[in-house]
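In: sharing a model that was predicted from the sequence below.
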Amino acid sequence: MSGIDRMNLNTSSQSDIDEIESLFNISVQPATLEVPQSVPPARKPSSPPTIPVSAPLLPPSSVSSSSQAFSTPAPAGPTLSTGFGGGPQYNTLTEPVWETLKRDLVRVSNNLKDVVLPNPYREDPGKALRDWDLWGPFFFIIFLALTLSYSASENKSKVFAVVFATLSAGAIVLTLNVQLLGGSIIFFQSLSVLGYCLFPLDVSALVCQVNNTKLFRSLVVLVALAWSSWAAYPFVSTAVPSSRKALAVYPVLLLYITVGFLVLANN
Amino acid sequence: MSKGYHSLGDEIVSGSVPVAASSDRVLQFQDSFSNPGSGSQGGANGSSTGSGWQSYFNAVSYRPYFNVDTADVVERIRDSLFPFKGDFVEKTSHNPDMYGPFWICSTLVFVTAALGNFAAFLSAQSGSWHYDVNKVSWAAFMFYGYVAVIPLGLYFVLKYLGVVSGLVQLWCLYGYSLFVFIPASFLCVVPWDIMRWAVVGVAAVMSAGFLAINIRSHVKTASERWFLIVTSSAALQLGLALVVKLYFFTYFYHDSLVHV
């Protein structure tokens, strides 16, 4: 078991392997017809290829449905909780690229909706953002840094560096702050939440590109700031003892005000 | 068997019958713990995660330094605004915290950089102002560097002179002493140079006075060179205030328009 062997294959043994895989996939996911469909067209035998052959990864018996964000048409197979808050455990190597991207995009948008829009589970730290990931925060930070750097009149690369460093170091420091004050949170989940809460500021940076008057920009940034802080507040405040709530929340506000100022002052 | 804290923890956890020798070590452990100044770091390391060097990298082992409530922090900040009481070190000796220094420094970095740029914006001729992002980097370097390094130097000097003082307490003292610069920065936005100098002067005197009086009350009885130490640390604080004023809040106007 284990092992990814590489070997030179003839077309006949390839079709054997395809058959085994498709049988496995059918047995695990009885409802979907997509997967077996996607497998044969991928194997155009041109020259004897070397393909990595991996043994089936999972016994179908060890299935538990912990992640509930999978309400999508993508192959919804058995989902165990991995280190990254959930994800499919079957062999995703053979699926089309679009499937992989779509799964991640759907997850990002679901998480975004959970964090940024009003939702009834906000106050409950156990339910908030179970299926966290780090792609969303990464994109938002890069996007914000790029936008601000693009619109800066000089020192463009320095602006990018400062924004990126402030945001990423800030998220890490904020998480450490909560842990040091006696709260118990998962490190990466907190990074994830703080990254998703950056979304309103991204929108405001984009909107500020359109119109350059100070008053308009101040209003937009103010609204975005309030929105970001409102989104991040329940997660952080429920994580620490109530006598230290302000100590944990203040740095979050400080970080977002800093970023808001960077957006505002960019010209 | 003189591994000290390491073997002590093991013995207690394993439930073995404590030998008479280990009970001595128990006393020794508590002794160094009850001396809040010097060995607090070693005590915390020995008691929390066990192994010596790894606990430096574990966030949980620094928790004793963040054991403050909101009310505590607010009270300490309020104390730092009254420089002539001189009992700050005594009050915080049982529970020095690193939360205050770190976040006061971070706030200062942001506030001076942002307000420095804003003050430049107010004083500048229209169209010639651009956001100077170097201010953020320099502010971070200055404030973090000052609060990290100077107390370290002072700690070594005091150790050389034989005075007992904890490093974390010194960090705590220096961190809170910088708080007064935050309101001062807000007042320095006003584009009136005399007022800026006045505000910075008052803040510098308050801050340096706070520092000096507290160090004096801590060091006075223990060494005859206390006056030198006190005045040099006060002078360094004044120097920092001067640099802050000159770098963040001084602008040379491009035309010869004169502002009062």
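Out: Received, thanks. Numbering: from 1, shown residues only, chains lettered A, B, ... in the order given.

In: help me confirm that A:Leu23 is found in a helix?
Out: Yes. Residue state for A:Leu23 (DSSP: H, G, I helix; E, B strand; the rest coil) corresponds to a helix.

In: tell me how many other residues crowd it.
Out: 12 (other CB atoms under 10 Å in any protein chain shown). For every residue, glycine as well, the C-beta is placed using N, CA and C.

In: so B:Asp132: helix, strand or coil?
Out: Per three-state DSSP, the secondary structure class of B:Asp132 is coil.

In: quick one, what contacts it?
Out: By CB atoms under 8 Å, 6 or more residues apart in numbering or on different chains, the contact list for B:Asp132 reads B:Gly116, B:Asn117, B:Ala120.

In: wouldn't the last one be in contact with B:Ala113 here?
Out: Okay, so that is B:Ala120. No. The pair B:Ala120 / B:Ala113 is not scored as a contact, 11.0 Å apart, by CB atoms under 8 Å.

In: neighbour-wise, which of the two wins?
Out: Neighbour count, other CB under 10 Å: between B:Ala120 and B:Ala113, B:Ala113 has more, with 27 against 20.

In: packing partners of the helix or strand that contains the more buried one?
Out: Counting by DSSP states H and E, the element that carries B:Ala113 is helix B:99-123. On a contact count with 3 or more CB pairs under 8 Å, 6 or more residues apart in numbering or on different chains; DSSP states H and E, helix B:99-123 meets helix A:245-265, helix B:70-80, helix B:134-161, helix B:167-177, helix B:181-187, helix B:226-248.

In: now do the buried residues in it.
Out: B:99-121, B:123 (16 or more other CB atoms under 10 Å in any protein chain shown).

In: what of stretch B:228-248?
Out: Per 16+ other CB under 10 Å, stretch B:228-248 contains these buried residues: B:Ile229, B:Val230, B:Ser233, B:Ala234, B:Leu236, B:Gln237, B:Leu240, B:Ala241, B:Val244, B:Lys245, B:Phe248.

In: do the same with stretch B:156-163
Out: Going by neighbour count (16+ other CB under 10 Å), the buried part of stretch B:156-163 is B:Val157, B:Leu158, B:Val163.

In: just stretch A:183-201 next, same as before
Out: Within stretch A:183-201, the residues that count as buried by 16+ other CB under 10 Å are A:183, A:185, A:188-201.

In: what does stretch B:69-82 give?
Out: Result for stretch B:69-82 [16+ other CB under 10 Å]: buried residues B:Asp69, B:Thr70, B:Asp72, B:Val73, B:Arg76, B:Asp79, B:Ser80.

In: rank these by pLDDT and give me only the lowest.
Out: Lowest pLDDT within the buried residues of stretch B:69-82 is found at B:Asp69 (83).

In: near chain B, which residues of the stretch 101-250 of chain A?
Out: The stretch 101-250 of chain A has residues A:152-155, A:158-159, A:162, A:166, A:176-177, A:179-182, A:243-247, A:250 near chain B, with proximity defined as CB under 8 Å from any CB of the partner chain.

In: check what pLDDT B:Tyr155 gets.
Out: For B:Tyr155, the model assigns a pLDDT of 90.

In: what's around B:Trp53, how many residues?
Out: Neighbour count for B:Trp53, taken as other CB under 10 Å: 7.

In: so what's the residue nearest to A:Pro137 when sequence neighbours are not counted up against?
Out: Ranked by CB to CB, 6 or more residues apart in numbering or on different chains and with sequence neighbours excluded, the top spatial neighbour of A:Pro137 is A:Gly195, at 2.0 Å. Residues near A:Gly195 by CB under 8 Å, 6+ apart: A:Leu134, A:Gly136, A:Pro137, A:Phe138, A:Phe140, A:Ile141, A:Ala171.

In: highest neighbour count among those residues?
Out: Neighbour-wise, the contacts of A:Gly195 (other CB under 10 Å) top out at A:Pro137, 25 neighbours.

In: which SSE is immediately downstream of the host helix or strand of that one?
Out: In this assignment (DSSP H and E), A:Pro137 forms part of helix A:135-151. Downstream of helix A:135-151, the first helix or strand assigned by DSSP H and E is helix A:156-180.

In: coming back round to it: tabulate the helices and strands packed on helix B:99-123 (TSV), appending distance to B:Asn214.
Out: Output for the helices and strands packed on helix B:99-123, formatted as TSV (distance: least, CB to CB, whole Å):
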stretch	distance to B:Asn214
helix A:245-265	23
helix B:70-80	9
helix B:134-161	12
helix B:167-177	6
helix B:181-187	17
helix B:226-248	9
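
In: follow-up on the earlier one: the helix or strand harbouring the residue nearest to A:Pro137 relative to helix A:245-265, how many degrees between them?
Out: Secondary structure assigned from DSSP H and E places A:Gly195 in helix A:187-196. For helix A:187-196 against helix A:245-265, the angle by axes from the mean of the first three to the mean of the last three CA atoms, to 10 degrees is 40 degrees.

In: if we can go back for a sec, which of the contacts of A:Gly195 lies closest to chain B?
Out: A:Ala171 (13.6 Å; CB to the nearest CB).

In: excluding chain neighbours, what is closest to that closest one?
Out: In space, and not counting its chain neighbours, A:Ala171 is closest to A:Leu194: 4.5 Å by CB to CB, 6+ apart.

In: ok, that neighbour - contacts?
Out: Applying CB under 8 Å, 6+ apart, the residues near A:Leu194 are A:Pro137, A:Gly170, A:Ala171, A:Leu174, A:Thr175, A:Ala232, A:Val252, A:Leu255.

In: go with 7 Å
Out: Taking CB atoms under 7 Å, 6 or more residues apart in numbering or on different chains as the criterion, A:Leu194 is in contact with A:Ala171, A:Leu174, A:Ala232.

In: repeat that for B:Ile150.
Out: Contacts for B:Ile150 were tallied using CB under 7 Å, 6+ apart; they are B:Tyr174, B:Leu236.

In: which stretches of the stretch 101-250 of chain B have low pLDDT?
Out: For the stretch 101-250 of chain B, the stretches flagged by pLDDT under 70 are B:125-128.

In: quick one: name the residues of it near chain A.
Out: For the stretch 101-250 of chain B, the residues in contact with chain A (CB under 7 Å from any CB of the partner chain) are B:Trp103, B:Ser106, B:Thr107, B:Phe110, B:Ala114, B:Asn117, B:His130, B:Tyr131, B:Val133, B:Val136, B:Ser137.

In: please redo it, this time with the cut-off set to 8 Å
Out: So the stretch 101-250 of chain B meets chain A at B:Trp103, B:Ser106, B:Thr107, B:Phe110, B:Ala114, B:Asn117, B:His130, B:Tyr131, B:Val133, B:Asn134, B:Val136, B:Ser137 (CB under 8 Å from any CB).

In: mind listing what the closest residue in space to A:Val259 that isn't next to it in sequence touches?
Out: Excluding the flanking residues, the one nearest A:Val259 by CB to CB, 6+ apart is A:Leu201, at 5.6 Å. Contact analysis of A:Leu201 by CB under 8 Å, 6+ apart lists A:Leu144, A:Val221, A:Ala224, A:Leu225, A:Ser228, A:Tyr256, A:Val259, A:Gly260, A:Val263.

In: report the two of those separated the most.
Out: Across the contacts of A:Leu201, no pair lies farther apart than A:Leu144 and A:Leu225, at 13.3 Å, counting by CB to CB.
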